[in-house]
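Peer 1: build me a structure from this.
(one chain, ligands or ions: 1)
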Amino acid sequence: MPIKYHEISKTFHLYNNEISYIFKILKNNQLGHLYYAKAIRDKDNYDYLLETLSRGMSVCTFENDSSFSLDHIKQEYPIYGSGDMKHPTLDITLENGSHIVNFIYKEHEIIKGKPQLENLPTTYIEDNNEATTLKITLYDEVIETYLILSYTIYENRNVITRNTYIKNTGNQKITINKIMSMSLDLPDKDYEMIELRGAWARERHVKSRKLEHGIQSIYSLRGCSSNAFNPFIALKREHCDEYQGEVLGFSLVYSGNFLAQVEVDTYDVSRVSMGIHPHCFKWELDTNESFQTPEVIMVYNDKGLNAMSQTYHKLYQERLCKGKYRDLERPILINNWEATYFNFDEDKIVNIGKKAKELGIELFVLDDGWFGHRNDDHRGLGDWYPNLDKIPSGISGLSQKINDLGMKFGIWVELEMVNKDSDLYRKHPEYTLETPNRHSSNGRNQYVLDFSNDEVVQCIYNMISKVIKESHIDYIKWDMNRCMSEVYSSCHSSQGKVIHEYILGVYHLYDMLTTQFPNILFESCASGGARFDPGMLYYAPQCWTSDNTDAVERLKIQYGTSFVYPLFSMGSHVSASPNHQVRRNTPLETRANVAYFGTFGYELDVTKLSIEEQDIIKQQVEFMKEYRHLIQFGTFYRLKSPFEGNETIWMVVSKDKTQALVGYYRTLQEINVGYRRVNLLGLNKDYQYHVSLLNQDFYGDELMNVGLITSDSSSSDHNDEGDFVSRIYVLKAN
Ligand code: DGJ
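Peer 2: Numbers count the residues shown, from 1 in each chain. Below you'll find the predicted structure:
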């Protein structure tokens, strides 16, 4: 069992071959944190890790013991008010207005396996031997309330998951103002915090900053996990890079408002906490009511950022995503959005489908505009039945026509939204989140439906499941194109519940649809990647990474996304040139060479291609069919960052290491530069690999230690390649 309890020292040790996490019951019966890093041997006592310095001016718990102060003892789940002076993990208001609570150890249990959380997405196991869970029950006798901290350690992964549950069994009503999923007190502040920051069309750019005293945080108050910050941070040591060094990752399995923060105190202790954002959150608990937080996935590694990302990739691929597509290669799709926008009819769609089929494409996705009176973005959202003026055969007839071509068929939906110009709004204006007597702001002319109200969720479910049942639908792209504002729900007395209940409503609808239609592949989307998070991945194993389809911009977006999320989750398409977002012209080869490293598809009008372009696309589709298993289920390595220079290089290696692809991208043409090579990773040092393009054989140790030569004649004095050049090297063991 990788979780031990040492009775005499009252110490818990969670460990596997790679990591150790140690904490203990303190002499005031609260929990004190001792260690979280590389595995150390199990002993029955680590009390030397407790800081017992006497600090004269600190608030002390016991008289005559100035060494026991919560001001400097590192804690597991700290609460403000009895000596700890940092931001708390839990804040509760009691009926008398007090915020003082005291949760002390009551009991614990160590369970084989990993319990699931009710109504929330979580990582899971398939066999009880994969993980062990520790549940510690703390109790506050004044308010008769239980707090259960859960820790799961996976046997063969550098992963610990955490969540918190609270239950009021007393007679007074308590109000939770803040309840974080986890807290971790680290002994020093010598870390850089990495975050994935961005905006629409510029999602998940990698940024880092040195920890300083005070608070550094990322968050969302947008009602979705957002494109401004992703619910992930990593703390890395100064010398940690992609290939080596210590890094701690924290990823929240949640799709709504979140807070991830590190507070460095005056003793250089760094307190990491993560969970639902407390702003506008207020959850009242009456007798016997409870609250469950989402889960945080903590990864520790001393082998660098690639190793951290690979741990997340494998866990999210194997034990977060659900459904049959978890283990399946993804169909190559064509999406009509950038080909037609709203301007299409049935013939146009069928013609694109016919041409796509000729090119070898497998799935047709009909994007926005097929329902209600949706001819532009001012109307129609909420009316989930086909627009028969545009599609006389309806979705059932059109899906049949596309199936008859030999292709799968999918549709776009935006189930959480409504336009005022819609039948749904005219019938049920009360279904939107709008504050009485206040102006309502719009986003893209649309309003947010009140998914905290189950009646609304059921109404949408009934409409969309009818369309699905009547048609042949293999795929659904579930979009969400605005942030929340003026949030108020007429069905809740306590408005502090609404934003979290909304997300639970979204999860509930996903749950109903994925359960009722298990063969449908879901792709989540929120104006591109504004809700690319582990909560969504649980239901939808792929996500539209960004509305920005420019190959050069995508290098940064996909590189940053790969810090946490596996390639098989990244929606990536080849689009037209000049690109619709940045107006840049890039070669068709480069657009595909970037898009291969994801789910792959096309988003342009294939009926307007030249014969030469059609031939290139046929070859690209063939290439992806041959290598998608390697790409989507192999091990991904970042070799050269687009944030640091003109070249980006990444690679993916098959599980048995007999095959690899190296993606090389040079943004601008250079002239007369040095001779360059890049050290590859993850190969078998003893295998001899044939390298395409160079048409030579090299041993794995040569490619990893000497490097792959990437120089070409264009970077000497005869410039014959130009800007935005890229290549895919295929490596095959002989
Ligand atoms: C935003 C998405 O990200 C796009 O791909 C497209 O589906 C549009 N919405 C349609 O309105």
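
Peer 1: can you tell me which residues contact Leu630?
Peer 2: Contact analysis of Leu630 by CB atoms under 8 Å, 6 or more residues apart in numbering lists 652, 654, 659-661. C-beta coordinates here come from the backbone N, C-alpha and C atoms, glycine included.

Peer 1: make it 10 Å
Peer 2: Applying CB atoms under 10 Å, 6 or more residues apart in numbering, we find Leu630 in contact with 329, 652-655, 658-661, 730.

Peer 1: and stretch 137-157, how far apart are its ends?
Peer 2: 26 Å (CA to CA, to the nearest Å).

Peer 1: rounded mean pLDDT for it, please.
Peer 2: For stretch 137-157, mean pLDDT is 98.

Peer 1: in strands only, show me the contacts of Leu630.
Peer 2: Using DSSP state E, the subset of those located in strands is 652-653, 659-661, 730.

Peer 1: among the residues you listed, which two are most distant?
Peer 2: Spanning the widest gap among those are Val653 and Val730, at 12.0 Å by CB to CB.

Peer 1: looking at the two, which one has more neighbours?
Peer 2: Ranked by neighbour count (other CB atoms under 10 Å), Val653 and Val730 place Val653 first, with 23 against 17.

Peer 1: please name the nearest non-neighbouring residue to the residue in the chain positioned nearest to the ligand.
Peer 2: Evaluated by CB to the nearest ligand atom, the chain has Asp368 as its residue closest to the ligand, separated by 3.5 Å. The shortest distance from Asp368 to any non-neighbouring residue, by CB to CB, 6 or more residues apart in numbering, is to Trp412 (5.2 Å).

Peer 1: which residues sit in contact with the one you found?
Peer 2: 335-337, 365-371, 475-479, 523, 525, 544.

Peer 1: how about a cut-off of 6 Å?
Peer 2: Contacts for Trp412 (CB atoms under 6 Å, 6 or more residues apart in numbering) come out as 367-368, 477.

Peer 1: cool, and Thr607?
Peer 2: Applying CB under 6 Å, 6+ apart, the residues near Thr607 are 351-352, 355.

Peer 1: select the longest strand from this protein.
Peer 2: The single longest strand within the chain, with elements called by DSSP E, is strand 174-186.

Peer 1: can I get that one in PDB? Just the C-alpha atoms.
Peer 2: Provided in PDB are the C-alpha atoms of strand 174-186 (Å, rounded to 0.1, in the frame of the first residue of the first chain):
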ATOM      1  CA  ILE A 174     -23.200  28.000   8.000                       C
ATOM      2  CA  THR A 175     -22.200  29.900   4.900                       C
ATOM      3  CA  ILE A 176     -19.100  28.900   2.900                       C
ATOM      4  CA  ASN A 177     -17.500  32.000   1.500                       C
ATOM      5  CA  LYS A 178     -14.500  30.200   0.200                       C
ATOM      6  CA  ILE A 179     -13.500  26.500  -0.100                       C
ATOM      7  CA  MET A 180     -10.400  25.600  -2.000                       C
ATOM      8  CA  SER A 181      -9.800  22.200  -3.400                       C
ATOM      9  CA  MET A 182      -6.300  22.000  -1.900                       C
ATOM     10  CA  SER A 183      -3.500  23.900  -0.200                       C
ATOM     11  CA  LEU A 184       0.200  23.200  -0.100                       C
ATOM     12  CA  ASP A 185       2.800  25.000   2.000                       C
ATOM     13  CA  LEU A 186       6.200  24.700   0.300                       C
END
